[in-house]
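A.B. asks: could you work out the structure for the sequence below:
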Amino acid sequence: MIRVRLSAALAVRDGYTGKPIGRNTVRCFVDGQPFHPEYRDGGYLLLLNLTPGAHAVVLQGARYREEQVLLAVPETGHAERNVTLKPAPNYPFYHEMTQLSLSLLEKGSPIKGRTLWIAAKTAMSDLKLAQDAVEAGSYEAKLFFRGGAEGRFPGNYLLVDGKKSEVVAILSAEGGQVSFAAPLQYAHKRGAAFYPAQEYQTNREGKILAFFREPVPVEVFDPEKASLEGMQLQKGKNQGELGKLPQEKA
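C.D. replies: This is a model prediction of the structure:
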């Protein structure tokens, strides 16, 4: 009898529209070899029968930049990740978009391969902590959803809280109660905001390129240095250097 074991579940979305990907949108490679995951409605790719341990998953789509996901498959249970696909140059933008080109330099030299998170503070994205406090190590929290919670989950979010800012993966929500994929690193108080966030890797020139449907305020988070910078995007092309961004007006 052939045993089928779920090793990892990837919730994959279009990073520009926020919509789940369709069937056959991307090709999948695991550790450099072609792999055929099971597809489930909602943009879920299910990876079956991987050996426990570390794996490199690469997703390639005609309209998207190549996306690499590093997985740690447990001995029991399965890994879960939220993945956003970034537009490639041939992506079909149907109206004027907003672009952010961001550089990461140190003493004038580019820093390549650094993970950065960019969170967009769109009009309908306000999620805020609705309880007096939540402790470090918590897997759940009560949130207030402006405009309702429909269509928000699963997803990665930047919990904006000054020096205690952190990236969280929200798995589900029911009655305003959300569950996290991993425990919170810090304690947070009522009103701390959660904004949809996407993960980027700087290229050889120390740059990332991000696209948005409208000019919105953004927060840029560098988890390696625990640094947080905000800026207000303008229509068209925006550019800046991390550590020298024009500060968003209060």
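
A.B. asks: contacts for stretch 21-34, please.
C.D. replies: 12-14, 35-37, 39, 43, 45, 47, 50, 55-61, 64, 85 (C-beta atoms under 8 Å, 6 or more residues apart in numbering). Every residue, glycine included, has its C-beta placed from N, CA and C.

A.B. asks: nearest residue to the most centrally placed residue in the chain other than its sequence neighbours?
C.D. replies: The centre of the chain sits closest to residue 198, judged by C-alpha atoms, centre = their mean, with a distance of 3.1 Å. Of all residues not flanking residue 198 in the chain, residue 84 sits nearest, at 4.7 Å (C-beta to C-beta, 6 or more residues apart in numbering).

A.B. asks: how about residue 208, what does it touch?
C.D. replies: 101-102, 104, 116, 118, 200-202.

A.B. asks: not counting its neighbours along the chain, what's nearest it?
C.D. replies: Leaving aside its chain neighbours, residue 208 sits nearest to residue 200 (4.1 Å; criterion: C-beta to C-beta, 6+ apart).

A.B. asks: please apply the same query to residue 68.
C.D. replies: residue 58 (5.2 Å).

A.B. asks: can you check residue 122 too?
C.D. replies: Per C-beta to C-beta, 6+ apart, closest to residue 122 is residue 216, 5.4 Å.

A.B. asks: could you chop the chain up by domain?
C.D. replies: Domains of the chain are assigned by automatic domain parsing as 6-85, 94-245.

A.B. asks: which of these has the lowest average pLDDT?
C.D. replies: In terms of mean pLDDT, the lowest-scoring of the domains of the chain is domain 94-245 (a mean of 87).

A.B. asks: gap between the residue nearest to the centre of the chain and residue 34?
C.D. replies: 26 Å (C-beta to C-beta, to the nearest Å).

A.B. asks: can you pull the contacts of the residue nearest to the centre of the chain?
C.D. replies: 15, 84, 86, 117-119, 156, 210.

A.B. asks: for beta bridges, what are the partners of it?
C.D. replies: residue 118 (DSSP bridges).

A.B. asks: returning to what we had before: farthest-apart pair in the contacts of residue 208, please.
C.D. replies: Maximum pairwise distance in those, criterion C-beta to C-beta, is 14.6 Å, between 101 and 201.

A.B. asks: re earlier: among the contacts of residue 208, name the buried ones.
C.D. replies: Neighbour counting by 16 or more other C-beta atoms under 10 Å classes 102, 104, 116, 118, 200, 202 among the contacts of residue 208 as buried.

A.B. asks: and these as TSV, adding distance to residue 72 and secondary structure?
C.D. replies: What follows is those, written out as TSV (distance: C-beta to C-beta, whole Å; DSSP: H, G, I helix; E, B strand; the rest coil):
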residue	distance to residue 72	secondary structure
102	28	strand
104	26	coil
116	21	strand
118	24	strand
200	21	strand
202	23	coil
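
A.B. asks: now, among those, which is nearest to residue 239?
C.D. replies: Relative to residue 239, the closest of the buried ones among the contacts of residue 208 is residue 102; by C-beta to C-beta it sits at 7.2 Å.

A.B. asks: tell me which residues touch that closest one, please.
C.D. replies: Per C-beta under 8 Å, 6+ apart, neighbours of residue 102: 116, 118, 207-210, 220, 239-242.
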